[in-house]
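1. Task: produce atomic coordinates for the following.
(2 chains)
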2 protein chains.
Amino acid sequence: MPQIAYLGPPGTFTEQATRQLTGGFDAELVPFETVPLALAAVRAGDVLAAGVPVENSVEGSVPATLDALTTDDPLVAVQEAVLPVQFDLLARPGIALSEIGTVASHPHALAQVRGWLAENLPGASVHAASSTAAGAAAAAAGEFDAAISAPVAIEHYPSLVRLAGGIADVRDAVTRFLLVRRPGALPEPTGADRTSVCAVISDEVGTLADMLAELSLRGINLSRIESRPLRERFGEYRFFLDFDGHVADARIGDALTALHRRCSTVWFLGSYPKADRSPAGVRPSASEQAFEVAAKWLDDVRAGRLA
Amino acid sequence: MPQIAYLGPPGTFTEQATRQLTGGFDAELVPFETVPLALAAVRAGDVLAAGVPVENSVEGSVPATLDALTTDDPLVAVQEAVLPVQFDLLARPGIALSEIGTVASHPHALAQVRGWLAENLPGASVHAASSTAAGAAAAAAGEFDAAISAPVAIEHYPSLVRLAGGIADVRDAVTRFLLVRRPGALPEPTGADRTSVCAVISDEVGTLADMLAELSLRGINLSRIESRPLRERFGEYRFFLDFDGHVADARIGDALTALHRRCSTVWFLGSYPKADRSPAGVRPSASEQAFEVAAKWLDDVRAGRLA
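-> Numbers count the residues shown, from 1 in each chain, chains lettered A, B, ... in the order given. As a prediction, the model looks like this:
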């Protein structure tokens, strides 16, 4: 059975996402202590792929993931998962909501349910854990009365009782994960794909605007952008870009070659089905057929077959 | 004495940054449990200002800060601080490095010194704390042998001994903070300023490229960009932009009015001296004088004074 790495321990949001990311095939999920270690295992061929947080993570550091993806040998994303940031309250059996005196979780999770705790467990003290799952483990071990955890945690700690679910101070927040593996055959285009790249450009006025114009001129919809400084190389900047479309699409291929001409480095980070399956809108001037007809026309012109 | 809020508890990187941010005047620093609570205290007038993490934070969630800045009444940044992400190892007195069996800190801090701990304290177990300062407090209370903490922590826990400093697996990483307050008279331009805005634009192909072109056409150097979804309003996206220059500069004012024409909302988040004091390069075509001469020329044309 293939092994898939993820940012552990078991029972976290990343495990839950990685289960979803590998839903289509049998795989053994292997927890790693950090994202760089999980990605190192993929690069070394010890595991087939890794599930890692890439946006608005509850537990892992997203900058650390982005940095680890673009250091060392290339990796590509092949699948995306988006989870709602909603927590369960798991408690030791036999304890009522009103009797809970101590609650454990990752500090970021505790910050995201602060209002709920104040309203529902005003007398409880909160305690930090290294992950939401570590909080559940500590509750299961009797160190605390309850834990704020990912929905998947109860499967690992069946002795705990789920006293509340869907807990979140901010509605509609989501956290996003990718399944990444070594380069190989790409996922087939589905018409509802996303492509991720990291582009390194010189820190000059207008280079970013020009780069984004290469996308917009081809009707490509950008869904995310984030800059990260390149501290080891002064005068250059990295941009993580996500946009609609698959690298097999003519307009995406055309745009990526333009980025390659403009940028000192372009890391291709994958083309994969969007989690929400929303189809990419394509302008008539950027359709597959339009590119094909135009290429044919240019061939004819160059061959002297047209005026 | 004016009160300044910060993301607590005392002894964290945010306290250290807030001290630096308020170095010029006497102020009482008041810790708050979360960034939204610190900003609410500023908005309510309970405190004069707040020190908050805005980029690559060790302890606080940066998305939470960005969201809190652009919800509710406007706030503006007036000062910037950039700290190296380097930790101290603080231990109980009388204990040698080789005797340390337990180390506590915030999970993100522990992740950032994992290599150092493996090399220098291979036998020690690591324990999560709600902040780097809470780790130091627990060590001072005898719960753990040592803590990975911000350099400022030892001032709060003088019973601890600093066994190592400048600890970081990744060299050159920095974390960035802003001092924000209610709108009022802006800091004077210094020639080495940064302006921060959050712009809301429709989720259509090309709107971001057009917006950035408004900056680049005026010779404005973008130093950071980050998109954040606007979950409550479908079809719109928020972009957090930092660029060189002060809103009092002609080219910045001109660009901001262009953004205001293009965007459904522009949050002005402040013009303030850059922490590194590097002067903004200004193209001749975007200088104060060029704008002044051009405006004068247009006035003359409109008044019929020139052909």
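2. Skipping adjacent residues, who's closest to A:Ala27 in space?
-> Spatial nearest neighbour of A:Ala27, excluding adjacent residues (C-beta to C-beta, 6 or more residues apart in numbering or on different chains): A:Ile4 at 4.6 Å. Bear in mind the C-beta positions are built from the backbone N, C-alpha and C, glycine included.
3. Show residues contacting the strand or helix carrying that neighbour.
-> Assigned by DSSP states H and E, A:Ile4 belongs to strand A:3-7. Strand A:3-7 is contacted from outside by A:14-15, A:17-18, A:21-22, A:27-32, A:34-35, A:38-39, A:41-42, A:46-53, A:59-60, A:179, using C-beta atoms under 8 Å, 6 or more residues apart in numbering or on different chains.
4. buried subset of those?
-> Taking 16 or more other C-beta atoms under 10 Å in any protein chain shown as the criterion, what is buried in the contacts of strand A:3-7 is A:14-15, A:17-18, A:21-22, A:27, A:29-32, A:34-35, A:38-39, A:41-42, A:47-53, A:59-60, A:179.
5. tell me the contacts of the residue nearest the centre of chain A?
-> Centroid-nearest residue in chain A: A:Phe177, 2.8 Å away (criterion: C-alpha atoms, centre = their mean). Counting by C-beta under 8 Å, 6+ apart, A:Phe177 touches A:Thr14, A:Ala17, A:Thr18, A:Leu21, A:Gly51, A:Val52, A:Pro53, A:Val54, A:Glu80, A:Ala81, A:Val82, A:Leu83.
6. And those residues, which is closest to A:Ala137?
-> In terms of C-beta to C-beta, no member of those lies closer to A:Ala137 than A:Thr14, at 15.6 Å.
7. pLDDT value on that closest one, please?
-> A:Thr14 is assigned 97 on the pLDDT scale.
8. Show me the strands in the stretch 51-200 of chain A, by range?
-> A:76-84, A:87-91, A:102-105, A:125-128, A:146-149, A:161-167, A:174-181, A:193-202 (DSSP state E, counting those that start in this stretch).
9. B:Ala153: which of those is closest?
-> The nearest among those, by C-beta to C-beta, is strand A:125-128 at 15.7 Å.
10. Run through the neighbouring helices and strands of the closest one.
-> Applying 3 or more C-beta pairs under 8 Å, 6 or more residues apart in numbering or on different chains; DSSP states H and E, we find strand A:125-128 packed against strand A:102-105, helix A:107-112.
11. hmm, back to that, dump the strands of the stretch 51-200 of chain A to a markdown table, plus mean pLDDT and distance to B:Asp244.
-> As requested, those are exported to a markdown table (pLDDT from 0 to 100; distance: least, C-beta to C-beta, whole Å):
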| stretch | mean pLDDT | distance to B:Asp244 |
| --- | --- | --- |
| strand A:76-84 | 97 | 33 |
| strand A:87-91 | 98 | 41 |
| strand A:102-105 | 97 | 40 |
| strand A:125-128 | 96 | 39 |
| strand A:146-149 | 98 | 42 |
| strand A:161-167 | 97 | 42 |
| strand A:174-181 | 96 | 31 |
| strand A:193-202 | 95 | 15 |
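12. who wins for proximity to B:Ala124 among these?
-> strand A:125-128 (17.8 Å).
13. Can you give the strand pairings for the closest one, parallel or anti for each?
-> strand A:102-105 (parallel) (DSSP bridges).
14. outside of the strand it pairs with, which residues touch it?
-> A:87, A:89, A:110, A:113, A:117, A:121, A:124-129, A:132, A:134-135, A:138-139, A:143-149.
15. rerun that using 6 Å as the cut-off
-> A:124-127, A:129, A:132, A:135, A:138, A:144-148 (C-beta atoms under 6 Å, 6 or more residues apart in numbering or on different chains).
16. Can you flag the buried ones in those residues?
-> A:Ala124, A:Val126, A:His127, A:Ala129, A:Thr132, A:Gly135, A:Ala138, A:Phe144, A:Asp145, A:Ala146, A:Ala147, A:Ile148.
17. How much space separates the fourth one from A:Leu110?
-> The reference is to A:Ala129. Separation of A:Ala129 from A:Leu110 (C-beta to C-beta, to the nearest Å) stands at 9 Å.
18. Next: the second one.
-> According to C-beta to C-beta, A:Val126 and A:Leu110 sit 5 Å apart.
19. Longest helix in chain A, please.
-> Ranked by number of residues, the top helix in chain A under DSSP state H is helix A:288-302.
20. Okay, buried residues for it please.
-> Under 16+ other C-beta under 10 Å, the buried positions of helix A:288-302 are A:Ala290, A:Phe291.
21. count of residues packed around the residue lying closest to A:Leu48 once chain neighbours are set aside?
-> Excluding the flanking residues, the one nearest A:Leu48 by C-beta to C-beta, 6+ apart is A:Pro2, at 4.2 Å. By the other C-beta atoms under 10 Å in any protein chain shown criterion, the neighbourhood of A:Pro2 contains 12 residues.
22. I'd guessed A:Pro2 sits against A:Glu28; true?
-> No. Using C-beta atoms under 6 Å as the test, A:Pro2 is too far from A:Glu28 to be in contact (7.3 Å).
23. Please enumerate the helices of chain A.
-> Under DSSP H, chain A gives helices at A:13-21, A:35-43, A:62-69, A:107-112, A:114-120, A:132-140, A:153-156, A:207-216, A:250-262, A:288-302.
24. Using the record's assignment, carve chain A into domains.
-> A:1-85+A:173-184, A:87-167, A:185-307 (automatic domain parsing).
25. pLDDT on stretch A:268-283, on average?
-> 94.
26. now do the same end-to-end measure for that stretch.
-> 24 Å (C-alpha to C-alpha, to the nearest Å).
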